[in-house]
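1. need a 3D model of the sequence below.
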Amino acid sequence: MKIVFMGTPDFAVSALQAIIEAGHEVAAVVTQPDKPRGRGREMQATPVKVCALAHDIPVFQPVKIREPEAVGTLRAYGADIFVVAAFGQILTEEILTMPRYGCVNIHASLLPKYRGAAPIQQAVIDGEKVSGVTIMQMDRGIDTGDILMKAEVPIADRETGDSLHDKLAAAGARLITEALPLIERGEVTPVKQNDEEASYVRTLRKNMGRIDWQQDAVTLDRLIRGLLSWPGAFTVRGGRILKIWEAEPVTAEEMRPKAKILPEEAEPGTVALVERDAFYVRTGNGFMKILAVQPEGKKRMAVSDFLRGYPVEAGELLGA
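-> Predicted coordinates:
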């Protein structure tokens, strides 16, 4: 089939690469405009653009894909199908119905659960045991179209948002290459979603990572792992942001024999014990063993290194 591929971040690169390797004709890649990034604010291409250019595929970067000029460019490609993976712009009805086989989306959840912008992170935060990828026929709603194919991906006990992202990107790449020939031959039966089973997750915002030490340790552990590496979970120490990169939940019973400050003596957010390579913070239920952090304006570091430059003492209160 003649394909126009729409995608922007790393998640979409695996699918584009797989489609190319499967021998499909990719007429063009549509991705978001280049943006300034880093301290130097230099313009950087999207990961999908980098992949496309490496394969000499034409790249189209509309600021607004709904504008008449952009729609005309899409029509001129004469594609049989548009494949979309985390593109980042809403497609109009005119675009959705333009190709012979419409537009299909590679969505990183088992729809109808986790519609929206951040299904990977939310699955980890919620403590799900299984995630997956859905190939969906796009319609005017947000991830509401008919389901064409699904593939489940188990979530490991210490899964992070980053590691699950990579697993789902690989699963999406495999699934879309299986789906495309079936779609072309008319061998896929669309299944309507049950809206009563749907949930919606919003776009990630930096403040979502603010740690509320009143929550229990297991919940905070999932938050830290789910939001790795962006936006990241963080607390406040001495009026400055302290990002938490790695931590483990510890029960009050495990802490009691060695804690300098017992659970019943500490309010949530209190440092109860400092060791050479970790410090322990009281939560609403249990403790968090902090193993790797990033002080504001600095790089990520192990707590053993952090403590040499930023001494922490039992009794100190975080998050104020």
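2. next one: stretch 144-162 to chain centre, how far?
-> 11 Å (C-alpha atoms, centre = their mean, to the nearest Å).
3. same thing with stretch 25-45?
-> For stretch 25-45, the distance to the chain centre is 19 Å (C-alpha atoms, centre = their mean).
4. give me the mean pLDDT for it.
-> Summarised as a single mean, pLDDT over stretch 25-45 is 90.
5. stretch 153-173 now?
-> Mean pLDDT, computed over stretch 153-173, is 98.
6. got the buried residues for it?
-> 153, 155, 159-165, 167-169, 171-173 (16 or more other C-beta atoms under 10 Å). In this view, the C-beta of every residue, glycine as well, is placed from N, C-alpha and C.
7. from those residues, which ones fall inside helices?
-> Assignment to helices by DSSP state H places the following of these there: 161-165, 167-169, 171-173.
8. per-domain residue ranges of the protein.
-> 2-201, 206-309 (automatic domain parsing).
9. nearest to Glu316, of these?
-> Comparison of these against Glu316 by C-beta to C-beta identifies domain 206-309 as nearest, at 4.5 Å.
10. measure that closest one end to end?
-> Start-to-end span of domain 206-309 (C-alpha to C-alpha, to the nearest Å) is 26 Å.
11. I'd like the numbering to begin with 808 instead of 1 from here.
-> That works, and once the first residue is 808, the last one we named lands at domain 1013-1116.
12. contacts for stretch 1064-1079, please.
-> The contact list for stretch 1064-1079, computed with C-beta atoms under 8 Å, 6 or more residues apart in numbering, reads 1020-1021, 1042, 1059, 1062-1063, 1080-1081, 1086-1091, 1094, 1119-1127.
13. run the last query once more with 7 Å
-> Contacts with stretch 1064-1079, where a contact means C-beta atoms under 7 Å, 6 or more residues apart in numbering, come from 1020-1021, 1059, 1062-1063, 1080, 1086-1091, 1094, 1119-1126.
14. with stretch 966-986 instead?
-> So stretch 966-986 is contacted by 818, 821-822, 824-826, 829, 890, 892, 913, 915, 927-928, 930-931, 938-940, 942, 955-956, 958, 960, 962, 995, 1032-1036 (C-beta under 7 Å, 6+ apart).
15. where does pLDDT dip in this structure?
-> Confidence mapping of the chain against pLDDT under 70 gives the ranges 1070.
16. okay, strands next: where are they in the stretch 1008-1127 of the chain?
-> Along the stretch 1008-1127 of the chain, counting by DSSP state E, counting those that start in this stretch, strands occupy 1040-1044, 1047-1057, 1078-1081, 1086-1089, 1094-1102, 1108-1109.
17. deepest of those, which one?
-> strand 1086-1089 (a mean of 27; mean count of other C-beta atoms under 10 Å).
18. who does that strand pair with, and is each partner parallel or antiparallel?
-> strand 1078-1081 (antiparallel), strand 1094-1102 (antiparallel) (DSSP bridges).
19. distance to Val833 added to the ones you listed, as TSV?
-> Below are the strands paired with strand 1086-1089 laid out as TSV (distance: least, C-beta to C-beta, whole Å):
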stretch	distance to Val833
strand 1078-1081	54
strand 1094-1102	39
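20. between those, which one is nearest to Trp1052?
-> When these are ranked by proximity to Trp1052, the top entry is strand 1094-1102, at 4.0 Å, counting by C-beta to C-beta.
21. show me the contacts of stretch 1064-1079 that map onto helices.
-> If you go by DSSP H, these have 1059, 1062 in helices.
22. distance check, Pro875 against Ala883.
-> Counting by C-beta to C-beta, to the nearest Å, the gap from Pro875 to Ala883 is 13 Å.
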